[in-house]
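Asker: quick one: sequence and predicted model below, then my questions.
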Amino acid sequence: MVTRFEVTVNGRPIQVEAGTTAAAALALAGVEACRLSVRGEPRAPVCGMGICFECRASINGVAQTRSCQVLCRPGMPISTDAG
Amino acid sequence: MSHPDAVVIGAGIVGAACAWMLSREGLSVTVIDEGVIGGGATAAGMGHLVVMDDSEAEFTLTRHSRDLWLTLAPELPEDCEFRQCGTIWVAADEEELAAVHRKHAWYGERGVRTEMLDARALAEAEPHLRPGLAGGLLVPDDAVIYAPCAARWLLGRVAFRAGSVSRIGSGLVVLEDGETIDCGAVICATGCAAIRLFPDLQLRPRKGHLAITDRYPGFVRHQLVELGYLKSAHGTAAESVAFNAQPRATGQVLVGSSRQFENDSSEIDWPILRRMLNRAFDFLPALRSMSVIRTWTGFRAATPDGLPLIGPYGPHENVLLATGHEGLGITTSLGTAELIAAAVLGKTWLPASK
């Protein structure tokens, strides 16, 4: 049986399955850019395995966290507001 | 080659400041370095412009130099990242707070603005510091700078020559490639490397580590230094670490510091890096979950008494030293340059018109 729970993406609640990464949650929520680069360009996950650092987002209030390396937990706040 | 009035060996922040000051006084100056501008200890250091109170001499030089930076600040280009963020000396307990009170009085007697912070004011000023700290001393006129760009700016109109110096004499600099430059004064500002030209100098490299985080704007707002830093910086222990955190213009947090003698490898020393970071986590617990994107080392030029070597040295009055600044070279570069200029100007070995 699949366990489902809620996380928030930029304050909006979405349902995810257990085992979903924060990067996948961002994609499920329809967020195209997980952050902006130093020069203000949108960035999104590339490697999906923790190497490229492109997928950084703010997770549990900690900015610059690699979203592909973090599994969702119930109530987890994920946001793309940190530079 | 032309015959410059002065040759400055070393294009770090100290050499750059000396060259800048001498050329402002109307002298023709050539700077020689075997590497890039500001590529040695200048690039490795934090760039904290700080008034220190370990001795009257150190205070006088750091205070005057910091104030010269404040005067210069409006002229500095943005890439120098000058920010007058102030220093907070953090007191962990009541004993350190008593020392902060003494520091407050000592600075006050000498006309340096400071402000006492009690535990609550400290927590308001820096919310990410751990709870339970006793207080701190804010020095609002201290600042930070990105020194390699400052060195490049200071050398903007000064002739630069890439090369390695093999020998110097009175009004004479001989390069490894055999070229000889005749000049008025020779100023050696090569940090630890000065012992290559002056083997009898009491200079020892004192290794330091730094770490820089990804961008977390506003995580710290002032340059934070634990009060115990003085014990670390000026003690004679072979190895020490002290908590030191600095907000960069990019939103990154620069984290220090370590001091090691008898370790001349530029490799990261993992055990001491771990100690340094654990010290920082002790003061800023949230730092533990943040990303460090780069670590590096550098070498301070340390003298036995912790004071720099500035002025004529050896048998020739026109051969001068500007080295031995240990961890204060970026702060004291401008004051050092004034002392060097005062020693050089008006001497008979310069043309009378200067």
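Answerer: Thanks, I have the structure now.
Asker: C-alpha only now, for contacts and for neighbours.
Answerer: OK.
Asker: lowest-confidence helix or strand of chain B?
Answerer: helix B:229-234 (a mean of 60; mean pLDDT, DSSP states H and E).
Asker: likewise chain A?
Answerer: Min over SSEs of chain A, mean pLDDT, DSSP H and E: strand A:35-36 (a mean of 89).
Asker: what lines up beside that one in the sheet?
Answerer: strand A:42-43 (antiparallel) (DSSP bridges).
Asker: what's in contact with the strand it pairs with?
Answerer: Residues outside strand A:42-43 that contact it (CA atoms under 8 Å, 6 or more residues apart in numbering or on different chains) are A:A33, A:C34, A:R35, A:L36, A:S37, A:E54, A:C55.
Asker: now do the helix or strand just after it, average pLDDT.
Answerer: Sequence-wise, the next helix or strand downstream of strand A:42-43 (DSSP states H and E) is strand A:56-59. The average pLDDT within strand A:56-59 is 95.
Asker: show me what contacts residue 15?
Answerer: Going with chain A. Listed by CA under 8 Å, 6+ apart, the contact set of A:Q15 reads A:R4, A:F5, A:E6, A:V7.
Asker: chain B is the one I meant
Answerer: B:V8, B:I9, B:V31, B:I187, B:C188, B:A189, B:T190, B:A322, B:S333.
Asker: count the residues that sit near the fourth one.
Answerer: Residue neighbour count, defined by other CA atoms under 10 Å in any protein chain shown, stands at 27 for B:I187.
Asker: let me have the contacts of A:Q15 in a markdown table, extended by pLDDT, neighbour count and secondary structure.
Answerer: Below are the contacts of A:Q15 laid out as a markdown table (pLDDT from 0 to 100; neighbours: other CA atoms under 10 Å in any protein chain shown; DSSP: H, G, I helix; E, B strand; the rest coil):
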| residue | pLDDT | neighbour count | secondary structure |
| --- | --- | --- | --- |
| A:R4 | 96 | 13 | strand |
| A:F5 | 97 | 16 | strand |
| A:E6 | 97 | 18 | strand |
| A:V7 | 98 | 21 | strand |
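Asker: among the residues you listed, which two are most distant?
Answerer: Across the contacts of A:Q15, the longest distance by CA to CA is 10.0 Å; it joins A:R4 and A:V7.
Asker: which bits of the stretch 201-350 of chain B sit near chain A?
Answerer: B:D214, B:R215, B:Y216, B:S289, B:M290, B:S291 (CA under 8 Å from any CA of the partner chain).
Asker: buried among those? Make that a ChimeraX selection.
Answerer: Filtering these down to the buried ones (16 or more other CA atoms under 10 Å in any protein chain shown) takes a single ChimeraX command:
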select /B:214,215,216,290,291
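Asker: which one of the residues of the stretch 201-350 of chain B next to chain A sits closest to B:C85?
Answerer: B:Y216 (16.0 Å).
Asker: just give the number of residues close to the nearest residue to that closest one once chain neighbours are set aside.
Answerer: What sits nearest to B:Y216 in space, not counting adjacent residues and going by CA to CA, 6 or more residues apart in numbering or on different chains, is B:G251, at 5.1 Å. Counted with other CA under 10 Å, residues neighbouring B:G251 total 18.
Asker: now B:G251: phi and psi?
Answerer: For B:G251, the backbone dihedrals (degrees, to the nearest 10) come out as phi 90, psi -10.
Asker: mind checking how far it is from B:W89?
Answerer: Distance of B:G251 to B:W89, computed by CA to CA, to the nearest Å: 21 Å.
Asker: do the same with B:A245
Answerer: B:A245 is 11 Å from B:W89, by CA to CA.
Asker: now swap in B:I293 and tell me
Answerer: 26 Å.
Asker: repeat for A:A63
Answerer: Where B:W89 is concerned, A:A63 sits at a distance of 27 Å (CA to CA).
Asker: hang on, the earlier thing: now the two most distant members of the contacts of B:G15.
Answerer: Maximum distance among the contacts of B:G15 (CA to CA): 15.3 Å, for B:V31 and B:S333.
Asker: buried ones only from the contacts of strand A:42-43, please, as a PyMOL command.
Answerer: Buried residues within the contacts of strand A:42-43, by 16+ other CA under 10 Å, are selected in PyMOL with:
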select buried, chain A and resi 33+34+35+36+54+55
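Asker: closest to chain B out of the contacts of strand A:42-43?
Answerer: The nearest member of those to chain B, counting by CA to the nearest CA, is A:S37 at 10.5 Å.
Asker: report pLDDT for that closest one.
Answerer: 88.
Asker: go on, A:R12?
Answerer: Per the predicted model, pLDDT is 96 at A:R12.
Asker: how far does stretch B:61-80 stretch from start to finish?
Answerer: First-to-last residue span, stretch B:61-80, CA to CA: 22 Å.
Asker: show residues contacting that stretch.
Answerer: B:49-52, B:82, B:142, B:145-150, B:153, B:328, B:331-336.
Asker: and if you look at stretch B:326-335?
Answerer: B:13-15, B:17-18, B:42, B:45, B:47-50, B:61-62, B:64-66, B:68-69, B:147, B:206, B:300-303, B:306-308, B:325.
Asker: just those: which are in helices?
Answerer: Here DSSP state H is the test, and the contacts of stretch B:326-335 give B:13-15, B:17-18, B:42, B:61-62, B:64-66, B:68-69, B:147 as lying in helices.
Asker: just those residues now: which is nearest chain A?
Answerer: B:A147 (21.1 Å).
Asker: ok, the closest one - contacts?
Answerer: So B:A147 contacts B:I13, B:G38, B:T42, B:A43, B:G47, B:C80, B:I330 (CA under 8 Å, 6+ apart).
Asker: could these go into JSON lines alongside distance to B:R161?
Answerer: Conversion of the contacts of B:A147 to JSON lines gives the following (distance: CA to CA, whole Å):
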{"residue": "B:I13", "distance to B:R161": "16"}
{"residue": "B:G38", "distance to B:R161": "14"}
{"residue": "B:T42", "distance to B:R161": "18"}
{"residue": "B:A43", "distance to B:R161": "19"}
{"residue": "B:G47", "distance to B:R161": "25"}
{"residue": "B:C80", "distance to B:R161": "23"}
{"residue": "B:I330", "distance to B:R161": "22"}
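Asker: just send these back as CSV, with pLDDT, neighbour count and distance to B:F281 too.
Answerer: Formatted as CSV, the contacts of B:A147 follow (pLDDT from 0 to 100; neighbours: other CA atoms under 10 Å in any protein chain shown; distance: CA to CA, whole Å):
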residue, pLDDT, neighbour count, distance to B:F281
B:I13, 98, 32, 31
B:G38, 96, 23, 30
B:T42, 98, 27, 26
B:A43, 97, 20, 25
B:G47, 98, 23, 22
B:C80, 98, 19, 29
B:I330, 98, 33, 26
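Asker: I am finished for the moment; much appreciated.
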